[in-house]
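Participant: Give me coordinates for this.
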Amino acid sequence: MSFDRRIFNFAAGPATLPEAVLQQAADEMLNWRGLGTSVMEISHRSKDFMEVYEEVIQDLRTLMSIPDTYEILLLQGGGLGQNAAIPMNLMPLAKNGPKADYIVTGVWSEKSYKEAQKYGAVNLVASSAAEKFNTIPARSSWQLSNDAAYVLYCANETIGGVEFPDIPDVGDVPLVADISSNILSKEMDINQCGVWFGGAQKNLGPSGVTIVIVRKDLIGHSMGITPTIWDWSIQAGTQSMINTPPTFSIYMAGLGFKWLLKQGGVKVMEQRNQEKADLLYNFLDQSSLYENRVTKACRSRMNVTFFLKDENLNAEFLTQSSAAGLVALRGHKAAGGMRASIYNAMPLEGVKALVEFMRDFERRA
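Facilitator: Numbering: from 1, shown residues only. So this is what the prediction gives:
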């Protein structure tokens, strides 16, 4: 295949990036800041790279309105790494021995729930597994414990296409939010959670760096078994540099933050993302060939899952969509069907092209 333009990449992550960001990185690849070298080839402790690091931290604070009462860590290991780091750093805060509450609404929160069981008692507050992770259990059905160190939930389930419409109220217990796939996609009140975490490879930049935003009073309580690299106190005390950080990923995330600021910030992106999601869901709801199975109140604006009612057409749909320059629409193996990930960097034109193709495919099916 050949194209006279870039394809529209609907991959769930690593995902599409803004062309302006990719172009700047390409322009600076061999001669960054006139140094005759790339950013990947300089010391992470050099003055030049530390300027990048400080700008990344400050721009993220600006974009998310993060107060000084929160520490920002730039780590490695992805969300899965934090699934271990979170209980090891927070469970000792529980009143009667290490314990935490988990809300399970999809594959990723289920992974978090299972990992946490290695470090203490874990209470399953609610689960939508019986509903095939197509919804969020009603708040009235939640069974919160009275002695948990924290409550964890996944704000947006990438695989199932379920997103919490609001930040849940769990009382005075610190709330931990996995925002890997909807970070910077909409305005979020930082003060409503004690910890926010997410990988960069969906809405921020390439894979490699994990953002952890943690309230400072929650730092310094780690278990004795906590590996040094997962100890938030040590990482906070060394600017996340107890080992060599993922310098290129941090640099790329920084370019992404600058791009977001130029677009008008998170408020503007939220409006764009809602417009894209509405366009696609409105088409799905009136279609006779496609269907979305997620409860309307908790449909994801980032990962739109859908199914062809005649699944014998799946292979042809994927072949033709790819030939049309609309790629990575196959759903996750755990969910099946199709999935269009429409993160910040996916332009409205991409969603329009997808809807136009789907309408034409339906007409010809």
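Participant: all helices of the stretch 51-200 of the chain, in order?
Facilitator: According to DSSP state H, counting those that start in this stretch, the stretch 51-200 of the chain carries its helices in the segments 78-90, 107-116.
Participant: what's the closest of the ones you listed to Leu204?
Facilitator: Smallest distance to Leu204 across these (CB to CB): 12.4 Å, for helix 78-90. (C-beta placed from N, C-alpha, C; glycine too.)
Participant: contacting residues around the closest one?
Facilitator: Applying CB atoms under 8 Å, 6 or more residues apart in numbering, the external contacts of helix 78-90 come out as 75, 77, 98, 100, 108, 111-112, 115-116, 118-120, 149-150, 152, 174, 176, 178, 180, 195, 197-199, 207, 210, 212, 218-219, 221-223, 225-226, 230-232.
Participant: Narrow these to those that are buried.
Facilitator: Among these, those classed as buried by 16 or more other CB atoms under 10 Å are 75, 77, 98, 100, 108, 111-112, 115-116, 119-120, 149-150, 152, 174, 176, 178, 180, 195, 197-199, 207, 210, 212, 218-219, 221-223, 226, 230-232.
Participant: Just give the nearest non-adjacent residue to Thr69, would you?
Facilitator: Leaving aside its chain neighbours, Thr69 sits nearest to Lys216 (5.8 Å; criterion: CB to CB, 6 or more residues apart in numbering).
Participant: Could you do Ile211 as well?
Facilitator: Ranked by CB to CB, 6+ apart and with sequence neighbours excluded, the top spatial neighbour of Ile211 is Gly198, at 5.6 Å.
Participant: how near is that neighbour to Val209?
Facilitator: From Gly198 across to Val209, the span is 10 Å (CB to CB, to the nearest Å).
Participant: what's the answer for Leu284, then?
Facilitator: Using CB to CB, Leu284 is found at 34 Å from Val209.
Participant: More neighbours: those two, which one.
Facilitator: Counted by other CB atoms under 10 Å, Leu284 and Val209 do not tie: Val209 has more neighbours, with 27 against 20.
Participant: Let me know whether that one touches Tyr251 as I believe.
Facilitator: No - look at Val209 against Tyr251 with CB atoms under 8 Å: they stay out of range, at 9.5 Å.
Participant: so what sits against both of these two?
Facilitator: Taking CB under 8 Å, 6+ apart as the criterion, Val209 and Tyr251 do not both touch any residue.
Participant: any idea which helix is longest in the protein?
Facilitator: helix 266-286 (DSSP state H).
Participant: Which positions in that one come out as buried?
Facilitator: Buried residues in helix 266-286, counted by 16+ other CB under 10 Å: Val266, Met269, Glu270, Arg272, Asn273, Lys276, Ala277, Leu279, Leu280, Tyr281, Phe283, Leu284.
Participant: Could I get the pLDDT score of the fifth one?
Facilitator: In the prediction, the pLDDT value recorded for Asn273 is 98.
Participant: ok, so what distance separates it from Ile234?
Facilitator: Going from Asn273 to Ile234 by CB to CB gives 36 Å.
Participant: quick one: Thr295 and Lys132 touch, right?
Facilitator: No - counting by CB under 8 Å, Thr295 does not reach Lys132; the two are 11.3 Å apart.
Participant: Quick check: buried residues in the helix or strand containing Ala26?
Facilitator: Element membership of Ala26 [criterion: DSSP states H and E] is helix 19-27. Using 16+ other CB under 10 Å as the test for burial, helix 19-27 gives Val21, Leu22, Ala25.
Participant: thought the first one was touching Phe257?
Facilitator: No - with contacts counted by CB under 8 Å, Val21 stays clear of Phe257, the gap being 9.8 Å.
Participant: ranges for the strands of the stretch 151-300 of the chain?
Facilitator: In the stretch 151-300 of the chain, the segments counted as strands under DSSP state E, counting those that start in this stretch are 151-154, 156-157, 162-163, 175-178, 195-199, 210-215, 290-291.
Participant: and those strands as TSV, adding distance to Ser321 and mean pLDDT?
Facilitator: Output for the strands of the stretch 151-300 of the chain, formatted as TSV (distance: least, CB to CB, whole Å; pLDDT from 0 to 100):
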stretch	distance to Ser321	mean pLDDT
strand 151-154	28	98
strand 156-157	23	98
strand 162-163	24	98
strand 175-178	29	98
strand 195-199	26	97
strand 210-215	31	98
strand 290-291	12	98
